[in-house]
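>>> Dropping a prediction and its sequence here:
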Amino acid sequence: MRRVAVLGGHGKTGRAVCSALAERGAEARPLGRADWADLASAVAGCEAAYVIAPNLHPDEPAYVATVLRAMTAAGVGRVVHHSVASPYAPAMPHHVGKAVSEDLVRRSGLGWTILQPGAYLQNLDLAGPLDLPYSPDVPFGFLDLADLGRAAAVVLTEDGHVGATYELATRVATVRELAAEAGVEVRRVDDPGTHPWLSAMFAYYDDHGLPVGTRVLDALLGR
């Protein structure tokens with residue numbers, strides 16, 4: 001049985017990856033902050049690792065560099081890095097952090113694959129009126145969490161994906177279109193200003209959205 005460490009395995013993304021790995025007969029080892037005291041020991045015995053940095057991490061490249069060193073020390077030869085669609089977008093600082101992290105992964109000497117997911121469908125609360133701090137009429141490539149998990153499990157358990165970078169989206173839509181399908185109202189509101197990186201992201205979304213194609217995901221999942 002293939003054993004895969006999932007760093008960040010207790011969050012919603014990590015749980016989706018662990019579930020999909022189990023469906024493919026692999027053993028997922030979810031790791032969280034408590035495992036960082038001796039990360040090399042925590043990943044020992046795993047053939048591969050899926051690496052998810054904490055959301056809005058203040059120094060994601062440093063986080064990823066630490067993970068890569070631990071994997072190398074433990075003899076884990078395969079890494080799949082969870083990045084983001086359009087990582088090199090200078091107007092969004094946290095995206096740029098992922099672009100730098102991608103470069104570290106590519107130069108790590110490990111067998112690597114990079115996944116660049118679009119915005120999660122599950123991040124939109126469509127149970128009632130939807131308040132949005134950016135335009136509801138710009139295009140997005142939205143990704144379903146279950147599809148992300150399935151795609152991650154494919155590249156972690158099948159051959160032929162080393163050296164590949166995949167943008168992932170389940171469907172292309174505007175938020176207004178999704179809200180209309182759910183029968184809920186979408187309302188434009190002011191940026192709450194909770195984090196400067198989020199404010200920068202909302203401003204970017206307002207102008208450009210985050211388009212991502214769907215063909216790559218369809219090919220990976222054979223549909």
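Arrived safely.

>>> wouldn't residue 13 be in contact with residue 143 here?
No: using C-beta atoms under 8 Å, residue 13 is not in contact with residue 143; the gap is 10.3 Å. In this view, the C-beta of every residue, glycine as well, is placed from N, C-alpha and C.

>>> What residues sit buried inside the longest strand belonging to the chain?
Ranked by residue count and defined by DSSP state E, the top strand of the chain is strand 111-117. Across strand 111-117, burial judged by 16 or more other C-beta atoms under 10 Å covers 112, 113, 114, 115, 116, 117.

>>> Spatially, and excluding backbone neighbours, which residue is closest to residue 190.
Nearest residue to residue 190, sequence neighbours excluded (C-beta to C-beta, 6 or more residues apart in numbering): residue 133, at 6.6 Å.

>>> and that neighbour, how far is that from residue 192?
Distance, residue 133 to residue 192, by C-beta to C-beta, to the nearest Å: 7 Å.

>>> Those two: which is more packed in?
residue 133 (18 against 11; other C-beta atoms under 10 Å).

>>> so who does the more buried one touch?
With contacts defined as C-beta atoms under 8 Å, 6 or more residues apart in numbering, the neighbours of residue 133 are 188, 189, 190, 191, 192, 202.

>>> Just give me the residue right at the centre of the protein.
residue 82 (4.2 Å; C-alpha atoms, centre = their mean).

>>> my guess is that residue contacts residue 115, does it?
Yes: assessed by C-beta under 8 Å, residue 82 is found in contact with residue 115 at 5.8 Å.

>>> Now the common contact residues for those two.
Joint contacts of residue 82 and residue 115 (C-beta under 8 Å, 6+ apart) are residue 152.

>>> Could I get the full set of helices for the protein?
Counting by DSSP state H, one finds helices in the chain at the ranges 12-23, 39-43, 60-74, 93-106, 145-157, 175-182, 196-208, 215-221.

>>> Quick check: which of these is buried the most?
A comparison of these by mean neighbour count, using mean count of other C-beta atoms under 10 Å, puts helix 145-157 on top with a mean of 22.

>>> elements contacting it?
helix 12-23, strand 48-51, strand 78-82, strand 111-117, strand 164-168, helix 215-221 (3 or more C-beta pairs under 8 Å, 6 or more residues apart in numbering; DSSP states H and E).

>>> again, only this time at 7 Å
If you count contacts as 3 or more C-beta pairs under 7 Å, 6 or more residues apart in numbering; DSSP states H and E, helix 145-157 packs onto helix 12-23, strand 48-51, strand 78-82, strand 111-117, helix 215-221.

>>> Next, the angle from it to strand 111-117.
Between helix 145-157 and strand 111-117, the angle comes out at 170 degrees (axes from the mean of the first three to the mean of the last three C-alpha atoms, to 10 degrees).
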